[in-house]
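K.L.:
coords below, sequence missing:
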C-alpha cells in the first residue's frame, strides 16, 4: 500500500514544533519541585540567574529571572544542594529543555521549610491562629508554669528575670525535652499535666513554653501539628518563647502570646516589683490621708452634735412649758369659737326673717297685676293698628279691582275656553265669545274682524 502524497501530511516549522512542545510541557508540569546540585551558575548583567541542576545520573538547565530572585534571601553557588520550585518549559530559540525557577531553598532545611509553610496554611485555614480564641494573659499571675529543658539556658534566663522582677510569684518547672525524637510527645504531656488537677499545687494561670535558639531542624518539635493542637486546647494561656527574635514556629502562631526570647517572656509575664512597691506605697499614703481626713470630719461632726445635745431634764421642762402653752391656746380657741358660732347663728336668723315667703308673695302679686294691665293695653293698641291697616288695604284693593272698571261701562271678552281675548287676531269669524259686564254676561258671535 503506497503512502499518501507529501502534500497531505502536516509539516511543522522548527519554531512551530518548539512552541507546541513548550505548550505541552508547561501545561503538564505547571508546578514541580526538583532537588539537585548547582553547577555552571551565571548571574547575567540583566540580573537573571542561569545554572544547571544535576545529580549522579543527569542534569537540566535552569533559569530564574530577576523579578523572582531579588526577593530570595541567598544566592546559590556551584556545589550547593538546593530544592527548586517552578515549572518545566522549552527555550524556543534553541529548543533547549529548561526549568523556570520561582523559588529556591537549601535542601534539607528547605524541605522542612516547605513542610512548615504547608502546615501553617492548613492550621490557619482551620482557625487555630484566630485572635478570637486567644486568652488574656493575667496582669499578676498567681502561679507560673514553665515547660522547657531543666538543663538549658532558657530556664536559667527565665528564672533570673522572674527573680529580679517579682520573686514572690510561685514558679513550677515541668521538665521536658525540647529537641530531637520524642520531644514533641513530651511537650504535649507537659501541657496536659499543667491543665490537670495537681494535688498539693495551686492551679497555674499562665504557662511559658520555650527554649533557646537553634536551626529549623533543632526547633522542629515546636512545628509539630500535635503540639500546635495541644497548645490550642489548653485552658491555661500559653506564652511561646522559642528561639531568638528572628525565629518563628507554629507554636508562636497558635499560642496566646508570642515572646521573641525566653527572657522576654519572663519580662512580659512578671510585673516590676519596684513599680508595684511604689504604687502600693502611694496607695497606702492615699488611704492614710483619706482615713485621717475622714476622722477629722467625724470628730468635727461629733463636736457639733455634743454642743447641740441638751440635758434630758431641761428638755422635759421645755416640753411641759410647751404643753401648758398649747393647753391655754386650746382653751382660748374653744371659747372664741363658741362666741363666733353664736354670732353667726344670730346673723343667719336675721337674714332668714328678711327672706320670709310672705313678702315675696306680695311683691310677686303686685308685679303680676302691673304686667296684666300692661298686657291689656298693648293688646288693644295692636288691635286698633291692625283694623286701620285692614281698612286701608281694602280701599286700595277696591280701587284696583276690575269690577270697579266694569261699573264704568267696560266689558271683558273671553273665548270659549274662558281665556281673555286681548287681540282681534286671536279669534276668527264665526267664533263664539262671551262679554263679561258689571251686571251679567253677553254671548256673542264674531261677524267681522278689524286688526
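P.N.:
Great, that's in hand. Everything numeric in this text was worked out from a predicted model, so none of it was measured. Numbering: from 1, shown residues only.
K.L.:
doesn't residue 38 fall inside a helix?
P.N.:
No - when classified by DSSP: H, G, I helix; E, B strand; the rest coil, residue 38 is found to be strand rather than part of a helix.
K.L.:
which residues touch it?
P.N.:
51-53, 76-82 (C-beta atoms under 8 Å, 6 or more residues apart in numbering). (Each C-beta comes from the backbone N, C-alpha and C, glycine too.)
K.L.:
again, but for residue 236
P.N.:
Shown in contact with residue 236 (C-beta under 8 Å, 6+ apart): 135, 145, 194-195, 204-207.
K.L.:
Tell me which of those residues fall in helices.
P.N.:
Counting by DSSP state H, the part of those found in helices is 194-195.
K.L.:
ok, of the contacts of residue 236, which come out buried?
P.N.:
Listed as buried from the contacts of residue 236 are 145, 194-195, 204-207; burial here means 16 or more other C-beta atoms under 10 Å.
K.L.:
what's the nearest residue to residue 155 if we skip its chain neighbours?
P.N.:
residue 148 (5.3 Å; C-beta to C-beta, 6 or more residues apart in numbering).
K.L.:
In a helix, residue 167, correct?
P.N.:
No - counting by three-state DSSP, one finds residue 167 to be coil, located in no helix.
K.L.:
For residue 156, see how far away it is.
P.N.:
Per C-beta to C-beta, to the nearest Å, residue 167 is found 15 Å from residue 156.
K.L.:
for residue 368, same thing?
P.N.:
For residue 368, the distance to residue 156 - C-beta to C-beta - is 133 Å.
K.L.:
between these two, which one's more packed in?
P.N.:
residue 156 (13 against 10; other C-beta atoms under 10 Å).
K.L.:
Export the contacts of residue 38 as JSON lines, with columns for distance to residue 277 and pLDDT.
P.N.:
Shown next, in JSON lines, are the contacts of residue 38 (distance: C-beta to C-beta, whole Å; pLDDT from 0 to 100):
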{"residue": "51", "distance to residue 277": "64", "pLDDT": "96"}
{"residue": "52", "distance to residue 277": "68", "pLDDT": "94"}
{"residue": "53", "distance to residue 277": "64", "pLDDT": "94"}
{"residue": "76", "distance to residue 277": "57", "pLDDT": "89"}
{"residue": "77", "distance to residue 277": "58", "pLDDT": "89"}
{"residue": "78", "distance to residue 277": "63", "pLDDT": "89"}
{"residue": "79", "distance to residue 277": "61", "pLDDT": "85"}
{"residue": "80", "distance to residue 277": "57", "pLDDT": "86"}
{"residue": "81", "distance to residue 277": "58", "pLDDT": "86"}
{"residue": "82", "distance to residue 277": "57", "pLDDT": "88"}
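K.L.:
so of the residues you listed, which ones are in strands?
P.N.:
Here DSSP state E is the test, and the contacts of residue 38 give 51-53, 81-82 as lying in strands.
K.L.:
Could I have the buried ones of those residues as ChimeraX selection syntax?
P.N.:
In ChimeraX syntax, the buried subset of those is picked out as below (16+ other C-beta under 10 Å):
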select :51,52,53,82
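K.L.:
from memory residue 136 sits against residue 206, does it?
P.N.:
No - Residue 136 is beyond contact range of residue 206, at 9.9 Å (criterion: C-beta atoms under 8 Å).
K.L.:
neighbouring contacts of the helix or strand bottoming out on mean pLDDT in the chain?
P.N.:
Scoring the helices and strands of the chain by mean pLDDT, DSSP states H and E places helix 402-406 at the bottom, with a mean of 74. With C-beta under 8 Å, 6+ apart as the test, helix 402-406 has contacts from 398, 412, 436-438.
K.L.:
now do stretch 255-266
P.N.:
134-137, 148, 154-155, 157-162, 165, 208-212, 231, 237-241, 243-245, 252, 267-268.
K.L.:
What is the end-to-end distance of stretch 215-228?
P.N.:
19 Å (C-alpha to C-alpha, to the nearest Å).
K.L.:
swap that for stretch 213-230, sorry
P.N.:
Start and end residues of stretch 213-230 are separated by 22 Å (C-alpha to C-alpha).
K.L.:
In that stretch, which residues are buried?
P.N.:
So, applying 16+ other C-beta under 10 Å, buried residues of stretch 213-230: 213, 216, 218-224, 227-228, 230.
K.L.:
By pLDDT, rank those and give me the bottom one.
P.N.:
Scanning those for pLDDT, the low point is residue 216. It has 77.
K.L.:
Which element, helix or strand, includes that residue?
P.N.:
Using DSSP states H and E, residue 216 falls within no helix or strand.
K.L.:
got it, and residue 141?
P.N.:
For residue 141, there is no helix or strand it lies in under DSSP H and E.
K.L.:
and it, what is it in contact with?
P.N.:
169, 205-206, 269-270.
K.L.:
And stretch 410-417, how far out from the chain middle?
P.N.:
105 Å (C-alpha atoms, centre = their mean, to the nearest Å).
K.L.:
now it: mean pLDDT?
P.N.:
For stretch 410-417, the per-residue pLDDT averages 87.
K.L.:
Okay, now it: how far is its last residue from its first?
P.N.:
For stretch 410-417, the end-to-end distance is 21 Å (C-alpha to C-alpha).
K.L.:
quick one, helices of the stretch 51-200 of the chain?
P.N.:
Using DSSP state H, counting those that start in this stretch, the helices of the stretch 51-200 of the chain run over 66-69, 109-125, 153-165, 183-195.
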